[in-house]
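[1] give me a model of this one.
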Amino acid sequence: MKKFIRSFIIILPIVMVKSLFAFDGEMTLGGKNIDVHGFISQGYLHSDGNNVFADTEDGTFQFNEAGLNFSTDVTDRLRIGLQLFSRDLGDLSNNEIQLDWAYGDYRWRDWVGFRAGKIKIPYGFYNETRDIDLLRTSVFLPASIYYEGERDIVNALQGVGVYGDLALKWVGSLSYQFQWGQQKVFEDGSTAKYEADQEQTTVAAIEEIDLGDIYTFSVEWETPIPGLRFKEFFMTSDRSLEIRIVEENSEDEEYDSALSSRRTEDIETVILSGEYNWNAITVATEYATSQKGKEGYYASLSYRVNDWIECGLYYSVYYPYKDDKDGSELEAQGRSAHQAWQKEWVLTSRFDINDHWIWKIEGHFINGTGQILSDDNPEGLDENSYLLAVKTTYHF
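    Predicted structure coming up:
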């Protein structure tokens, strides 16, 4: 019931705004035109082999999103805006209403502008727009790069940014972004759940997550070949985890407390991206690696059949320990070898009912459990599993 109430609180304003103001996506307040946009989605997940974030083996409707954003031009060069966002994916987020992003954007020249506030991180090609279901074919972005379990740590930072576009004449154009800031990561959020799950020999709880200063830099090259672009993204931060490790079946609080530890890590992530759009076809690939030893990549293809049908396919590969891709070291620790990788073939279809309403259906064929949580599968992990995802989204 609480989840329903939280969803209703954010969905009701969207419906009211749509009905009262937003046939054209605008409203007027104090003489200012305010752009108003939003979306509501509801999905269904069903799996065989393993639970994926939720009790998906029995089928679940705990998969929904809602957002409402406002933006306006204060002057010719200054624009402000914010978005409220809520989602539910099994135990993740539970329809808590969040300030997804909120910032002021001052565009001084084409080649330089400034942002301050809660700023979306340009992580890969699609992180800044991953909440906009309208802009992609698939239900889920490839997990090797855009893993839902670490969404809260790559979504946005609170700080400042500099960006701009540079025309290079006959060799295309460059867009760049530099950001500096910090993050608030909740101890009961998706990242905390993922980190706790990595403590395989014991039950672990994350008491505290501290993030130091975060720096990001990205540069995107629009080539002179129409539809072809490349991007490089770099992020570095210091992360400190206070971990309370609880032995299974232990009731000795003093003993458990003695097992607590603090782990400090320097995290550096690099993502290389490429995309080509040609008529109704889009081909994309991205590769990510981190100082922690993670590695992931995917290749995708989508085709717009007609105005109301689009089909897609991608193959995604992820290694949590790129120096142990066959899992031999994990087996020596008493863990399953298939936790050293996750490889997915994903087929998806999208149906545009009208300009505001879409449906999607998607099948995942998964080998390996590198990103499937043991906590969601207390009876053990199967090497192979399948996931069906159905989702409908209304947006304006």
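[2] please make it C-alpha for all contacts and neighbour counts, starting now.
    OK.
[3] right, and the helix or strand after the helix or strand hosting residue 329?
    Take DSSP states H and E as the rule and residue 329 turns out to sit in helix 328-332. Using DSSP H and E, the next helix or strand after helix 328-332 towards the C-terminus is strand 342-352.
[4] now the next helix or strand after that next one: buried residues?
    Following strand 342-352 in sequence order, the next helix or strand is strand 357-368 (DSSP H and E). For strand 357-368, the neighbour count (16 or more other C-alpha atoms under 10 Å) marks 357, 358, 359, 360, 361, 362, 363, 364, 365, 366, 367, 368 as buried.
[5] next: stretch 133-150.
    Residues of stretch 133-150 classed as buried by neighbour count (16+ other C-alpha under 10 Å): 133-134, 136-146, 148-150.
[6] where does the stretch 201-350 of the chain dip in pLDDT?
    Scanning the stretch 201-350 of the chain for pLDDT under 70 picks out 201-211, 239-266.
[7] swap in 90 and give it another go.
    201-213, 237-268, 290-293, 321, 330, 333-335 (pLDDT under 90).
[8] please enumerate the helices of it.
    Listed in chain order, the helices of the stretch 201-350 of the chain (DSSP state H, counting those that start in this stretch) span 253-258, 328-332.
[9] mind listing what's buried in stretch 65-77?
    Those would be 65, 66, 67, 68, 69, 70, 71, 72, 73, for stretch 65-77 by 16+ other C-alpha under 10 Å.
[10] CSV for those residues, including distance to residue 283 and pLDDT?
    Output for the buried residues of stretch 65-77, formatted as CSV (distance: C-alpha to C-alpha, whole Å; pLDDT from 0 to 100):
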residue, distance to residue 283, pLDDT
65, 27, 94
66, 28, 95
67, 28, 94
68, 30, 95
69, 30, 94
70, 32, 94
71, 32, 95
72, 34, 94
73, 35, 93
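[11] contacting residues around residue 110?
    164, 165, 166 (C-alpha atoms under 8 Å, 6 or more residues apart in numbering).
[12] now, of these, which are buried?
    164, 165.
[13] now intersect the contacts of residue 110 with the strands, please.
    164, 165, 166 (DSSP state E).
[14] how much space between residue 233 and residue 97?
    29 Å (C-alpha to C-alpha, to the nearest Å).
[15] which one's more surrounded, the two?
    Each of residue 233 and residue 97 has its neighbours counted (other C-alpha atoms under 10 Å); residue 233 has more, 23 against 17.
[16] and that one, how far is that from residue 352?
    32 Å.
[17] out of the contacts of residue 110, who's nearest residue 305?
    Of all these, residue 165 has the smallest distance to residue 305: 33.2 Å, by C-alpha to C-alpha.
[18] tell me the bridge partners for that closest one.
    residue 175 (DSSP bridges).
[19] just checking, residue 119 touches residue 102?
    Yes. Using C-alpha atoms under 8 Å, residue 119 is in contact with residue 102, at 6.8 Å.
[20] what about the residue nearest to the spatial centre of the chain, helix or strand, and which?
    Centroid-nearest residue in the chain, with C-alpha atoms, centre = their mean: residue 151, separated by 4.2 Å. Assigned by DSSP H and E, residue 151 falls within helix 151-154.
[21] so where is the stretch 1-150 of the chain shaky, pLDDT-wise?
    1-33, 53-54, 90-98, 131-132, 149-150.
[22] hey, where'd the helices end up in it?
    For the stretch 1-150 of the chain, the helices defined by DSSP H, counting those that start in this stretch cover 2-20.
[23] which residues does the residue nearest to residue 97 when sequence neighbours are not counted contact?
    Using C-alpha to C-alpha, 6 or more residues apart in numbering and skipping residues adjacent in sequence, the residue nearest residue 97 is residue 86, 4.8 Å away. Contact analysis of residue 86 by C-alpha under 8 Å, 6+ apart lists 7, 10, 65, 66, 67, 93, 95, 96, 97, 98.
[24] ok, 7 Å please
    65, 66, 67, 95, 96, 97, 98 (C-alpha atoms under 7 Å, 6 or more residues apart in numbering).
[25] state the distance from the third one to residue 73.
    What that stands for is residue 67. When residue 67 is compared with residue 73 (using C-alpha to C-alpha), they lie 21 Å apart.
[26] equivalent analysis for the last one, please.
    As judged by C-alpha to C-alpha, residue 98 and residue 73 stand 23 Å apart.
[27] of the contacts of residue 86, closest to residue 304?
    Nearest member of the contacts of residue 86 to residue 304, counting by C-alpha to C-alpha, is residue 65, at 24.8 Å.
[28] bridged to that closest one, which residues?
    Per DSSP bridges, the residues bridged to residue 65 are residue 41, residue 87.
[29] with that, I have no additional questions.
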